[in-house]
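[1] Generate a structure from the sequence data that follows.
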Amino acid sequence: MATEPSVRERALPVLAVLAAIGVVWYLAAVWLNAPQVIERTFADRPDWAWRELVAETWRMQRPVLPAPHQIAIDLADSVFGWPIDSPRSLIYHAGVTSGATLLGFVLGTLLGAVLAVAIVLLPTLERAVFPWIIASQTVPVLAIAPIIIVILGNFNLTGVLPKAIISMYLCFFPVVVAMVKGLRSPGVFERELMHLCRVAAPGVLETAPAGVAALPVSVAAGRDRGRPRRRDRRRAAYRRPGRPGRAAAHRLVLRQHGADLVCTRDGGAARPGAHRGGGTRRARARGRRQALMGAPIFGQPRQILVALLPLVFALQALWRPIAGTQDGRVLEWSAQAALLPYALAAVVAAVLSLWPLRRAGAVLAFVVLAGLAAVAPLTLLAQQDPAAPPAWDAGFWLYAVALALLAGVSLRRVAALDLQGPVGAQATAILFGAWALVFWQLLIQAFEVPKVLMPAPSQIWTALVASWDTLFVDFVQTVLHAVLIGYAIGCGAGFAVGVLIDRSPFLQRGLLPLSALASTVPLVGVAPIFVMWFGFDWPSKAAVVALMTFFPMLVNTLAGLQSAGAMELDLMRSYGAGYWRSLAMLRIPVALPFVFNALKVNSTLALIGAIVAEFFGSPISGLGFRISTEAARLNMPVVWAAILVAAVSGSLAFALLAWAERRATFWHPSLRKS
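    Modelled structure (predicted):
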């Protein structure tokens, strides 16, 4: 049995790796600082020696790369040389940052937990929202941070809260993904065992496999007309099937679907003895009524509101031929009459929501009618005179509420179709995105939000079309040059190093703690340094991307290589396979799910890293350069157009990697269909 390594065995590899990094750091300081030292100090001294050059590079003021001892001296001075409440103290700034970080961490954890529980409980929410949660991580946080600060500042929300919300945006995604996976980890046996707790009648049904002669348990047998509130506690094996007040033993077998373990209102079989009390006849009559009404959802308040609220808007258009003001008219009858077809489409869709639509064509027609219903309020707002009072009132907002209910029904029905294929599997998410755009446009126009704060989708689309040539050049500079090259270097190096150090536990114990430390290094601190080292063109951004993607790939590769079971390894050894053959035929295939996990995570990190690096120095092209320059000019539609290009690029890369993962690791249990 393997023993736990001691403190000395764990600390020695870390110290050895740190010593190696220190040696390389000192050599890099000499290499990067030497040109400036020769130009400034030794320009008039042609007889300088190498020892003097090395010493000068290590004590140079404002160096390109400071030596480790210079960093240690400045760190000690910033921590101990100033009072804690001084703005020049690192402890003071650490306290300010940690306050916002802690609050954002708490908010992000709560948001992620709530979303995870909702996604697990509501399949429609999983199909509609979960893909957009993944796509949100492709949006560079440095691009939306100023927008969040400006919007919250408009509501006098300043200080810690805006920074905490930005931190929440960064940390809620891992919580959602991990909790969804964890909440779905219980197996069929555990879930069926919990179904026993759902039995409404007193006494839990205790079951045994078929074929057991006698059951040493007592089972509630139910009651009938002659035995009110009395139950037979004799053993189930002694009962005869069909006898009044008795439960048949063969009906107590544990089955996977659990239909025999729940009561009728939970969708299971009727409880024993119900055939004598008329419960079956009542259930059949209730089922016939539901079939005549159309669906079990008939009569719920939500469906009634969906059906009735659009009538308010339609009748309002009929009863208001002309709305006049002192300066002129607000909306003529002809303009309101043009809205009637869309309002009637809303009424028809609301009525159809009362009946189940199980065919794809019927559901598509319902979605089209609901989409036509969304045209009415958008047209009403577009035709409004800016100098006149608002043309919308309570009827308008009632119609908006009905439209939201129609959107929810349409999402649920599309998700219930369970469409397959590349497009069909994402149909619910696409529909949810379309409804989100509709309500975004509706709220921006209704409240007349300035485009400096939040542009409408129509304005973003107009800016995207007008600036397409410029944005395409930015896409090539950022994605095809910096992201792809840095992504390939970082992931390839991480995988290669993981395979090479797989046979060395010493290097593993030394590198893994440092990889966790490297993941906490802020990107905005590394990006300007790399721009200084490698220049303003794409190589500096590729270096940032390579650094960000190296350690996730290294950690996942090591975890995947170590996931091969002892039985499989023994089988390979029994076949006479050596280390490299076992690595190629067993361990690397087993590690592929971990490798693809790192590739998908790195696809978003790479894009964000390249865009953030362009904020600190770039030529005249690049998505990060475009976002920073247009934001300075308050041209927010172009900023959002650039963010849209980045988000679509990251989402397509993630989808392509997910498709490759399904093809390469089809054998993995997480990808099998039950």
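[2] can you list the weak-confidence ranges in the stretch 351-500 of the chain?
    For the stretch 351-500 of the chain, residues meeting the criterion pLDDT under 70 lie at 383-395.
[3] one more time with 80, if that's ok
    Applying pLDDT under 80 to the stretch 351-500 of the chain flags residues 351, 353-358, 376-402, 420-425.
[4] Mind giving me the packing neighbours of the lengthiest helix in the chain?
    Looking across the chain with DSSP state H, the single longest helix is helix 7-40. The contact analysis (3 or more Cβ pairs under 8 Å, 6 or more residues apart in numbering; DSSP states H and E) places helix 7-40 against helix 50-58, helix 68-80, helix 505-518. The C-beta positions use only the backbone N, C-alpha and C, and glycine is treated the same way.
[5] Specify the angle between it and helix 50-58 in degrees.
    Counting by axes from the mean of the first three to the mean of the last three Cα atoms, to 10 degrees, helix 7-40 lies at 100 degrees to helix 50-58.
[6] Okay, buried residues for helix 7-40 please.
    13, 14, 17, 26, 29, 30, 32, 33, 34, 37 (16 or more other Cβ atoms under 10 Å).
[7] What sits closest to the first one if chain neighbours are left out?
    Counting by Cβ to Cβ, 6 or more residues apart in numbering, residue 13 lies nearest to residue 510, which is 3.3 Å off, once chain neighbours are set aside.
[8] and if you look at the fourth one?
    Closest residue in space to residue 26, ignoring its immediate chain neighbours: residue 67 at 6.1 Å, by Cβ to Cβ, 6+ apart.
[9] My guess is that neighbour contacts residue 28. True?
    No: look at residue 67 against residue 28 with Cβ atoms under 8 Å: they stay out of range, at 9.5 Å.
[10] ok so, going back, now the helices and strands packed on helix 7-40 as JSON lines including mean pLDDT, distance to residue 558 and mean neighbour count?
    Below are those laid out as JSON lines (pLDDT from 0 to 100; distance: least, Cβ to Cβ, whole Å; neighbours: other Cβ atoms under 10 Å):
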{"stretch": "helix 50-58", "mean pLDDT": "85", "distance to residue 558": "35", "mean neighbour count": "15"}
{"stretch": "helix 68-80", "mean pLDDT": "87", "distance to residue 558": "27", "mean neighbour count": "12"}
{"stretch": "helix 505-518", "mean pLDDT": "77", "distance to residue 558": "6", "mean neighbour count": "16"}
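[11] Redo these as a markdown table? Include distance to residue 362.
    Output for the helices and strands packed on helix 7-40, formatted as a markdown table (distance: least, Cβ to Cβ, whole Å):
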| stretch | distance to residue 362 |
| --- | --- |
| helix 50-58 | 76 |
| helix 68-80 | 68 |
| helix 505-518 | 53 |
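[12] Can you say which of those is nearest to residue 349?
    Residue 349 sits nearest to helix 505-518 of all those, at 52.8 Å, using Cβ to Cβ.
[13] tell me the angle the closest one makes with helix 7-40.
    Using the same axes, to 10 degrees: helix 505-518 against helix 7-40 is 60 degrees.
[14] For helix 505-518, which outside residues touch it?
    5, 9-10, 12-14, 16-18, 21, 497, 501-502, 547, 551, 554-555, 558 (Cβ atoms under 8 Å, 6 or more residues apart in numbering).
[15] Check which residues of the host helix or strand of residue 133 are buried.
    Element membership for residue 133, per DSSP states H and E: helix 123-136. Buried residues in helix 123-136, counted by 16+ other Cβ under 10 Å: 124, 125, 126, 127, 128, 129, 130, 131, 133, 134, 135, 136.
[16] Find the residue closest to the last one in space, skipping its chain neighbours.
    Translated: residue 136. Nearest to residue 136 is residue 173, by Cβ to Cβ, 6+ apart, at 7.2 Å.
[17] Check which helices and strands the helix or strand hosting the one you found sits against.
    Using DSSP H and E, residue 173 sits within helix 160-183. Here helix 160-183 touches helix 90-121, helix 123-136, helix 141-154, going by 3+ Cβ pairs under 8 Å, 6+ apart.
[18] Any idea how far the longest one is from the middle of the chain?
    The reference is to helix 90-121. 15 Å (Cα atoms, centre = their mean, to the nearest Å).
[19] relative to helix 160-183, how tilted is that helix?
    40 degrees.
[20] which helices and strands does helix 90-121 pack with?
    Against helix 90-121 (3+ Cβ pairs under 8 Å, 6+ apart) you get helix 68-80, helix 123-136, helix 160-183.
[21] I'd like those as TSV, with distance to residue 146 appended.
    Formatted as TSV, the helices and strands packed on helix 90-121 follow (distance: least, Cβ to Cβ, whole Å):
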stretch	distance to residue 146
helix 68-80	28
helix 123-136	17
helix 160-183	10
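[22] For the nearest residue to residue 56 once chain neighbours are set aside, give me its contacts.
    With sequence-adjacent residues excluded and distances taken as Cβ to Cβ, 6+ apart, residue 56 is closest to residue 37, at 4.7 Å. Shown in contact with residue 37 (Cβ under 8 Å, 6+ apart): 53, 56, 57, 60.
[23] follow-up on the earlier one: quick one: the residue nearest to residue 13 from residue 160, how far?
    38 Å (Cβ to Cβ, to the nearest Å).
[24] got the CA positions of stretch 59-73 in PDB?
    Provided in PDB are the C-alpha atoms of stretch 59-73 (Å, rounded to 0.1, in the frame of the first residue of the first chain):
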ATOM      1  CA  ARG A  59      20.900  46.200 -10.100                       C
ATOM      2  CA  MET A  60      19.600  48.300 -13.000                       C
ATOM      3  CA  GLN A  61      17.000  50.900 -12.200                       C
ATOM      4  CA  ARG A  62      13.700  50.400 -14.100                       C
ATOM      5  CA  PRO A  63      14.800  47.200 -15.800                       C
ATOM      6  CA  VAL A  64      12.900  45.300 -18.500                       C
ATOM      7  CA  LEU A  65      12.900  42.300 -16.300                       C
ATOM      8  CA  PRO A  66      13.800  42.900 -12.600                       C
ATOM      9  CA  ALA A  67      15.900  40.300 -10.800                       C
ATOM     10  CA  PRO A  68      14.200  38.200  -8.100                       C
ATOM     11  CA  HIS A  69      16.100  40.000  -5.300                       C
ATOM     12  CA  GLN A  70      15.000  43.300  -6.600                       C
ATOM     13  CA  ILE A  71      11.300  42.100  -6.500                       C
ATOM     14  CA  ALA A  72      11.900  40.900  -2.900                       C
ATOM     15  CA  ILE A  73      13.300  44.200  -1.800                       C
END
